[in-house]
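1. with the input below, show me the fold.
(chains A and B)
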There are 2 protein chains.
Amino acid sequence: MKLGLLQLNPTIGDYAGNLQKLRAAYLEACRRGANLVLSPELFLCGYPPRDLLLREDFVDAGLRAVEDAALFSGPVPLLVGYVDRHEPRPGRRLRNAAAILQNGKVVHRIYKSLLPTYDVFDEDRYFEPAQDVAPVTIAGRKVGITICEDIWNDADFWPDRLYRFDPVQELVVAGADLIVNLSASPWHQGKAAMRLAMLQHVARDENVALAQVNAVGGNDELIFDGHSVLLAPGGHVIALASGFAEEIIVADVGAAAHPATAVHAGLSSVPKEEHLHDALCLGIRDYVQKTGFSSAIIGLSGGIDSAVVAALATHALGPEKVIGVSMPSRYSSQGSRDDAERLAYNLGIRYEVVPIGQPVAALEAELAPLFTGRAADLTEENIQSRMRGVILMALSNKLGALVLTTGNKSEMAVGYCTLYGDMCGALAVIADLFKMEVYGLAKWINRDKVIIPVDSITKPPSAELRPDQKDQDSLPPYEVLDAILQHYVVEDKSLDEIVAKGFERSIVRDVMNKVIFSEYKRRQAAPGLKVSTRAFGMGRRVPIAQRYKG
Amino acid sequence: MKLGLLQLNPTIGDYAGNLQKLRAAYLEACRRGANLVLSPELFLCGYPPRDLLLREDFVDAGLRAVEDAALFSGPVPLLVGYVDRHEPRPGRRLRNAAAILQNGKVVHRIYKSLLPTYDVFDEDRYFEPAQDVAPVTIAGRKVGITICEDIWNDADFWPDRLYRFDPVQELVVAGADLIVNLSASPWHQGKAAMRLAMLQHVARDENVALAQVNAVGGNDELIFDGHSVLLAPGGHVIALASGFAEEIIVADVGAAAHPATAVHAGLSSVPKEEHLHDALCLGIRDYVQKTGFSSAIIGLSGGIDSAVVAALATHALGPEKVIGVSMPSRYSSQGSRDDAERLAYNLGIRYEVVPIGQPVAALEAELAPLFTGRAADLTEENIQSRMRGVILMALSNKLGALVLTTGNKSEMAVGYCTLYGDMCGALAVIADLFKMEVYGLAKWINRDKVIIPVDSITKPPSAELRPDQKDQDSLPPYEVLDAILQHYVVEDKSLDEIVAKGFERSIVRDVMNKVIFSEYKRRQAAPGLKVSTRAFGMGRRVPIAQRYKG
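-> Numbering: from 1, shown residues only, chains lettered A, B, ... in the order given. A predicted model of the protein is given here:
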């Protein structure tokens, strides 16, 4: 039996476009001899559709798309992910579903059993879970059809299970000897190797062949990495699709397989910066293009953050689609101005200079009567940052290009950023990378030749909003800050637990206070590309008006 | 049997403060003869704690708070809402729980059965539902204890049920003749009367006495209205607490009751603007105070939106805590300037004028070389709006007062607002009021004397960002726009359904396109006080990068 795995990139709500893509890929897989073709979870509407699901007409359009897809299906069954109604009620109104299409008809429907509600997921908001599962006979073989989370609850693999029920085990007990899984499994660093290990464990543990087809592409904060896979019983790898790109795999379930450990080692041996780079470029490209734009504007300070974002955007969109803007003030060092210009030259992008001195002075003159007798403070620093925001947005409005923001996770965490200032923009490209990770990525970008000026990497980081300002005047060294933030923000560790790891209590306390206090800034931040297990954004939902300081 | 209903206003995460408030109120209810005292859902941590629940130390602190509360409990049982661990797993890690405290000890624990995941709710993200329910004998009476949503699934009341199971019916079948309900039920317009009707239906249908204690207070977007109630079997009203204020009710389950219809009519007869006004003032006051501030800054354009927000803030915080700022440009009419000044005078608030002409001109001069050959467009309008944003934020930074934004729901829906411009601020006070509702509220505010200048209400609305600009140049009349938005945004109706209600297709199509296109602005908007069944914010989760235009 040959399986066709369609690792495709849908656009949310683009039924016509997704259908067209599905049709071409299905026909290609059939031509290549597939006996069963699989597409990703909710492929017809794209994932995650979120509250578009509350629109009856959106669901209707999806149901029509299933019928349309059935019309082009031939003798080779096509498994397609879609949203079905749940009737009769009571219960949630919808189901996360898969339909088997064959010879012009829907021949079978399967529903998702396990509905994730952690992190970025809200599936219980919309869907009623399946009440039971059973294998389906396809081409003489008993196939257990599962949807994404259904395969993530193996009792032996997970020490900490969220669901009482394991659909895979149930299907195997009922005679399935091939498990297929339709997925839209978002990426974070390390996820591809971890997901493969988990799938291999299931194939080995249950002694079944296993095929997972995963979506690829960026949708707002989320990046789907693909890495679809076909495993032999025992977990050996028959075929593994590439990451961060569309691909059609057609492979025989009985074909020769590579030892799991070797493939796993191969996936793990890719430098983590390479996956990160590919993921972020995909996230940028899809956000810009799926929102109907083609070009991007980036404020270039001469520092490392804006340099990395500009390099990523240039790779993602092409140099002719990126504009770098330097907005110097009297506090901007000549070195920083030179670094910004050099970067633009290295990338081959358009470069503009718009000084902020005059407008800032004019604004401060109007404010002076109200500020009499009050010392200069953060206010004046924020005015500079916000004037730059106004400039970038004016260029965006006039030129029709999206502004990419350049703040990193360390800054966003402790509020070392200006709301409506450097936080202005449509997409926060590196908002989920700690500062030390930004350094790592910059060095990787420079691996063959200098793209990011060496000075941007080696000089002490500074916001350059007052004379001789350095980040480390107000923050612990980034090695320390990032480690504390990893424990506090990503792992939800307590003050005592973090101190027990060897950090100074007063520093940890101060970092925690800064994180708590700056929640209001993050609530108004641009969507940020998620690359960690815990990113700011839809996967971290914290009240602003609250007094828990623990 | 006398019940004590503690309608209190917790602060999220303020265990010490909430405990202190609970203790004082419990002792007061005991002094007034209560035999059983009830507090709102999750009172100890405040509602909604959201992802603070993912912190083990936050849950531990809550469990310690239950023990602390038990220590001050005497012979009169106290029912308190808290977060419990769910053990043993698998399943979600926590439970939404209530403990019965008596004579220094926790004597019983009850868990919530129905976990809402629609609108603003995410309870399945954290909690495992109760597996079964049973009445508890208290003071010789079989009491059915329920938590919020548990009482919202009556098969006869709801045509469209989200849950298969009705805990209330189960408890009554098991012999309960008193149902108590611990709630944190957020308000929207019409909710108080609707909730009372639903509770009366349950009391009548099941023929049981029923006590609901509801939280009161503002928490970010959400406003809890109180209106706690004690009903006799059959639904007659024994006691009804006030709305939008803390109150302790002590009343006998066997006391004389008022006919349900009369009380219901009384609640329905309150002018809707009065509830709206009280709700918004509570929302402002709690947001400002719970975030540790005391004063507010509002940009006064002379228009109706900023006038209404200023009037609400002045009522909520006191005139000495509100600063109005006029930021005129050459497009600001003398009438608008006068209206802004007159409003500030009427309210008795501090009034400042900061003209934007010079800084805007200085900025445009710097941008001119890049804009050569391009016509003036929205860019120049946005620059003015954003310069005002910079000014308001500078004043906020320097004076330590929160900026309140003044955009209404009609503008926010169609994107008739400037991101980082008039959208700047900590809290969007009227973001969930359509423009016509703003007019209604303005007239109500002026019911006894003119507070909002009559001209601000009667003149045609204008953003005054170019000569002779009127809102109606780019938008349908607000009566039409608001009606279309009600169907599209609040009711999720389709284009065809809206057209069938008598609106012109091209206008509906244009409004829908504007709503879809401006999703990116709303994603970065300040939290807005929710007063409708469907507000922008956490209760409406829509992808930005999507192509569904239906």
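
2. residues near residue A:348, how many?
-> Neighbourhood size, residue A:348 [other CB atoms under 10 Å in any protein chain shown]: 12. Any C-beta I mention is one placed from the backbone N, CA and C, and that applies to glycine too.

3. go on, residue A:162?
-> Neighbours around residue A:162, by other CB under 10 Å: 18.

4. what's the distance between it and chain B?
-> Plainly put, residue A:162 is 6 Å away from chain B if you go by CB to the nearest CB, to the nearest Å.

5. for that residue, what are its contacts?
-> Residue A:162 is in contact with A:114, A:116, A:118, A:153, B:90-92, counting by CB atoms under 8 Å, 6 or more residues apart in numbering or on different chains.

6. looks to me like residue A:30 is in a helix.
-> Yes. The assignment for residue A:30 by DSSP: H, G, I helix; E, B strand; the rest coil puts it in a helix.

7. look up the pLDDT of it for me, please.
-> pLDDT recorded at residue A:30 is 98.

8. residues contacting it?
-> Contact analysis of residue A:30 by CB under 8 Å, 6+ apart lists A:4, A:37, A:74, A:76.

9. how close does it sit to residue A:17?
-> Counting by CB to CB, to the nearest Å, the separation of residue A:30 from residue A:17 is 21 Å.

10. outside of the host helix or strand of residue A:68, which residues touch it?
-> Under the criterion of DSSP states H and E, residue A:68 resides in helix A:56-72. Contacts with helix A:56-72, where a contact means CB under 8 Å, 6+ apart, come from A:13, A:15, A:18-19, A:22-23, A:26-27, A:44-45, A:49, A:52-53, A:78, A:80, A:82-85, A:94, A:99, A:101, A:104-106, B:492, B:494-497, B:548, B:550.

11. list buried residues within those residues.
-> The neighbour-count test (16 or more other CB atoms under 10 Å in any protein chain shown) marks A:13, A:15, A:18-19, A:22-23, A:26, A:44-45, A:49, A:52-53, A:78, A:80, A:82-84, A:94, A:99, A:101, A:106, B:492, B:494-495, B:548, B:550 as buried among these.

12. ok, the residue located most distally from the centre of chain A to chain B distance?
-> Going by CA atoms, centre = their mean, the residue of chain A most distant from its centre is residue A:373, 47.8 Å out. Taking CB to the nearest CB as the measure, residue A:373 falls 11 Å from chain B.

13. and for residue A:43?
-> Applying CB to the nearest CB, the value for residue A:43 to chain B is 14 Å.

14. name the nearest residue to that residue, sequence neighbours excluded.
-> Leaving out its chain neighbours, the residue that sits closest to residue A:43 by CB to CB, 6 or more residues apart in numbering or on different chains is residue A:81, at 4.6 Å.

15. for the one you found, give me its contacts.
-> Neighbour list for residue A:81: A:39-44, A:96-98, A:147, A:182, A:184 [criterion: CB under 8 Å, 6+ apart].

16. is chain B contacted by stretch A:341-355?
-> Yes. Counting by CB under 8 Å from any CB of the partner chain, chain B is contacted by stretch A:341-355 at A:352, A:354-355.

17. and the contacts of residue A:30, which is closest to chain B?
-> Closest approach to chain B among these (CB to the nearest CB): residue A:37, at 24.4 Å.

18. need the pLDDT of residue A:187.
-> For residue A:187, the pLDDT comes out at 98.

19. just residue A:219 next, same as before
-> Residue A:219 is assigned a pLDDT of 98 by the prediction.

20. that one: what's it in contact with?
-> A:12, A:46-48, A:286, A:290, B:543, B:545-546.

21. and for residue A:343?
-> A:300, A:302, A:307, A:310-311, A:324, A:451-453, A:456.

22. what strand or helix carries it?
-> Assessed by DSSP H and E, residue A:343 sits inside helix A:334-347.

23. only the buried residues of that helix, if you could.
-> Across helix A:334-347, burial judged by 16+ other CB under 10 Å covers A:336-337, A:339-344, A:346-347.

24. cool, and stretch A:319-331?
-> Under the neighbour-count criterion of 16+ other CB under 10 Å, stretch A:319-331 has A:321-329, A:331 buried.
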